[in-house]
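Chemist: A predicted structure for the sequence below; I have some questions about it.
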2 protein chains.
Amino acid sequence: MTNVAVIGATTWGTTIGRVLSKKGIQVNILTKTEDRIKELTEEQKRLRLSDSSLGTILFTNNCETALHTAELVILAVPAQTVRENVTQIKDHISDNMVLVSLAKGLEADTCKRMSEVIDEEIDAIGYKQICVLSGPNLSMEINRNLPATSVLAAVDANIAEKTKTALNTPNFTVFTSNDVVGVELCGALKNVIALGAGMIDGLGLGNNAKAAFITLGWEEVISLGIALGAEPPTFFGLAGLGDLITTCAGPQSRNHYVGHEVASGRSMVEVRASMSNVAEGIDTTMAAHHLASRLGVNVPIITMIYRILFESLPAIEIISWFNKGLKSELAA
Amino acid sequence: MTNVAVIGATTWGTTIGRVLSKKGIQVNILTKTEDRIKELTEEQKRLRLSDSSLGTILFTNNCETALHTAELVILAVPAQTVRENVTQIKDHISDNMVLVSLAKGLEADTCKRMSEVIDEEIDAIGYKQICVLSGPNLSMEINRNLPATSVLAAVDANIAEKTKTALNTPNFTVFTSNDVVGVELCGALKNVIALGAGMIDGLGLGNNAKAAFITLGWEEVISLGIALGAEPPTFFGLAGLGDLITTCAGPQSRNHYVGHEVASGRSMVEVRASMSNVAEGIDTTMAAHHLASRLGVNVPIITMIYRILFESLPAIEIISWFNKGLKSELAA
């Protein structure tokens, strides 16, 4: 592939754009305003002065300009805006294009995965042309050329292979999977657990408690994922365990940050309003809670995170859970 | 149970002793020298001044005194000294006692698990009376009364249940398992992966690389574990994933520290000599490497850690592995 369009000049979107520009791929990034185009174009010029491997990137707010030559379209907007963004670009999508979804979240209103949302809104291409990329991918590290891995999932093995090859670089190693549902759920639901891990850190409960919480929380995610059609091994691979470890580790994750701040006494609404970037885990916690209720999957940890975020349950209740909830699980 | 003997006044041994002393259990801890007995007795007095929940502990270097009333015997010595220590106490073990092994390592010479070593040396009790305790248990946090979980494994469900009840406290929640092999291998082999995670941190490769390394390393551990008779779900529970996350997180783990220092240019022998505590992962890496060779299990990550520790492979080869080894795995 020689032409790629990235929809959304988010941190991750521009990072992927830069990675691809190093391979000589023509990258067009669609963004909103003239100011942002100017700012990003100048930033890219500056970065090329210190890293000559970077190529040029065309930043534009014109859908036609961004998309008319694209073979691959990478959707890099926040989960809750995917439907709206897809609606805006859909007339420029042709049947030979492949779409890659980067957003790690579920749609709050519908509880749907991103590939489902995209498939509902775009008629020009079929579900098998919609891929998902997810893994332990802190942008800051990828921008520094540090090694990273990721998983590209698609139901069609040929499309997965072709798209993997397009994304692969010496420092960014992409594996393939045919479990689109699993890879998407891993990326979305690990953010819920990261919120909880941030709460544990905010409460100062230590690494023993945090590891127990992450492990038991991930067991709930797997139960929910299986009920939704995901394949269990996906949760223990790079898109699952790998991303979980990175996201729960600490403050580099926005979701961990939100959990930490909420546990330190700030309201979720206030923390959210203070952030320039989106913490996908908040809306995804709502979706996960609804999905679990609908499917009858028992998820006490996810429910606790939901109640802390949306029902003013004090985060300190996590301590009671360790002392009482866990014991009752033992007795059950 | 009202009488417990702890063999070895190691950090973890005294920590468990203190936890049990809070329940009114008479705890006798066997240690080596008169000096150490005095030091530990005074430390316990000091601790009781600030934490009135702590009970008294009898420190002794007399096997008969330590063991004659014990219903439960907790072996808290380093893995490579378990055989020798068991030999010294075996004449004081009677057939109504239950043994709990805490050491998270494999015997270097024989590649055997601790419960196998104990079973070989003690005739008075059967294998079903030998339990294993393993989980995300940083002593420092448990001493601060922070919540922690652990897994007690025994082949006999009644013994597991009885022993769990003895160990359980409000802040220390113990789950049971019948997968002795799996729980032991998790505790031992996560130290090998923690050595590697420390190397990644020492090389400054970032959290993306570290998470990928841990995830793919753990896949190797699972393959090796299954070949040795462990049950796969154990590796994703508290004794598996939980302990893995805690141990790989950072410098609180001795094994992570050794990996970090070796990757920073010091020799393994020098680092080892400079430490007052034992990093179990070093000898266990040797055992894991031999076991994998013997059983024909493909473990490129474990082999790389082995070669860095024992064959002077430069730790920086981990970077080549990310750039070449991983790609060849993809092609395979």
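Modeler: Sure, I can see it.
Chemist: CA atoms of the helix or strand containing residue A:132 as PDB?
Modeler: Taking DSSP states H and E as the criterion, residue A:132 maps to strand A:130-134. Presented in PDB, the C-alpha positions along strand A:130-134 are these (Å, rounded to 0.1, in the frame of the first residue of the first chain):
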ATOM      1  CA  ILE A 130     -13.100  -3.500   8.600                       C
ATOM      2  CA  CYS A 131     -10.000  -4.300  10.700                       C
ATOM      3  CA  VAL A 132      -9.100  -3.500  14.300                       C
ATOM      4  CA  LEU A 133      -5.600  -2.600  15.600                       C
ATOM      5  CA  SER A 134      -5.100  -3.000  19.400                       C
END
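Chemist: so how far is that strand from its chain's centroid?
Modeler: 10 Å (CA atoms, centre = their mean, to the nearest Å).
Chemist: what helices or strands is the helix or strand following it leaning on?
Modeler: Using DSSP H and E, the helix or strand that follows strand A:130-134 towards the C-terminus is helix A:139-143. Packed against helix A:139-143, as judged by 3 or more CB pairs under 8 Å, 6 or more residues apart in numbering or on different chains; DSSP states H and E, are the following elements: helix A:11-21, helix B:206-227. The C-beta positions use only the backbone N, C-alpha and C, and glycine is treated the same way.
Chemist: as a markdown table, these with distance to residue A:50, mean neighbour count and mean pLDDT would be great.
Modeler: A markdown table is the format used below for those (distance: least, CB to CB, whole Å; neighbours: other CB atoms under 10 Å in any protein chain shown; pLDDT from 0 to 100):
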| stretch | distance to residue A:50 | mean neighbour count | mean pLDDT |
| --- | --- | --- | --- |
| helix A:11-21 | 12 | 23 | 97 |
| helix B:206-227 | 19 | 24 | 97 |
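Chemist: surely residue A:4 is within a strand?
Modeler: Yes: when DSSP: H, G, I helix; E, B strand; the rest coil is applied, residue A:4 is found to be in a strand.
Chemist: so what's it up against?
Modeler: Counting by CB atoms under 8 Å, 6 or more residues apart in numbering or on different chains, residue A:4 makes contact with A:17, A:20, A:25, A:26, A:27, A:28, A:70, A:71, A:72, A:73, A:74, A:166.
Chemist: mind checking pLDDT for it?
Modeler: Per-residue confidence at residue A:4 stands at 98 (pLDDT).
Chemist: need the nearest residue in space to it, chain neighbours excluded.
Modeler: The spatial neighbour of residue A:4 that comes closest, neighbours along the chain excluded (CB to CB, 6 or more residues apart in numbering or on different chains), is residue A:72 at 4.6 Å.
Chemist: can you tell me how far that neighbour sits from residue A:160?
Modeler: Distance of residue A:72 to residue A:160, given as CB to CB, to the nearest Å: 13 Å.
Chemist: follow-up on the earlier one: can you redo the helices and strands packed on helix A:139-143 as TSV with distance to residue B:297?
Modeler: Listed next are the helices and strands packed on helix A:139-143 as TSV, based on distance: least, CB to CB, whole Å:
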stretch	distance to residue B:297
helix A:11-21	34
helix B:206-227	5
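Chemist: near chain B, which residues of the stretch 101-250 of chain A?
Modeler: The stretch 101-250 of chain A comes close to chain B at residues A:135-138, A:141-142, A:144, A:146-149, A:170-171, A:173, A:175, A:205-212, A:214-216, A:218-219, A:236-238, A:240-243, A:245-246, A:248-249, as judged by CB under 8 Å from any CB of the partner chain.
Chemist: residues making contact with stretch A:7-20?
Modeler: With contact meaning CB under 8 Å, 6+ apart, stretch A:7-20 is reached by A:4, A:6, A:27, A:29-31, A:36, A:40, A:44, A:47, A:54, A:57, A:59, A:66, A:73-78, A:85, A:89, A:102, A:137, A:139, A:142-143, A:166-167, A:169, A:172, A:277.
Chemist: pull out the buried members of these.
Modeler: Buried subset of the contacts of stretch A:7-20 (neighbour count, 16 or more other CB atoms under 10 Å in any protein chain shown): A:4, A:6, A:27, A:29-31, A:40, A:44, A:54, A:57, A:59, A:66, A:73-78, A:85, A:89, A:102, A:137, A:139, A:142-143, A:166-167, A:169, A:172.
Chemist: can you flag which of those residues belong to strands?
Modeler: A:4, A:6, A:27, A:29, A:30, A:57, A:59, A:73, A:74, A:75, A:172 (DSSP state E).
Chemist: the closest residue in space to the fifth one that isn't next to it in sequence and chain B, how far apart?
Modeler: In other words, residue A:30. Sequence neighbours aside, residue A:66 is the residue nearest to residue A:30 in space, at 4.0 Å (criterion: CB to CB, 6+ apart). To chain B, residue A:66 is 28 Å away according to CB to the nearest CB, to the nearest Å.
Chemist: from memory residue A:66 sits against residue A:5, does it?
Modeler: Yes: contact criterion CB atoms under 8 Å: residue A:66 and residue A:5 qualify, at 4.8 Å.
Chemist: overlap in contacts of the two?
Modeler: Taking CB under 8 Å, 6+ apart as the contact rule, residue A:66 and residue A:5 both touch A:28, A:29, A:30.
Chemist: could you export those residues as TSV, including distance to residue B:121?
Modeler: Listed next are the shared contacts of residue A:66 and residue A:5 as TSV, based on distance: CB to CB, whole Å:
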residue	distance to residue B:121
A:28	70
A:29	67
A:30	70
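Chemist: and which of these is nearest to residue B:264?
Modeler: residue A:29 (39.0 Å; CB to CB).
Chemist: before we move on, back to that, next, the contact list for the residue nearest to residue A:30, please.
Modeler: With contact set as CB under 8 Å, 6+ apart, residue A:66 has these partners: A:5, A:7, A:28, A:29, A:30, A:58, A:60, A:89, A:92.
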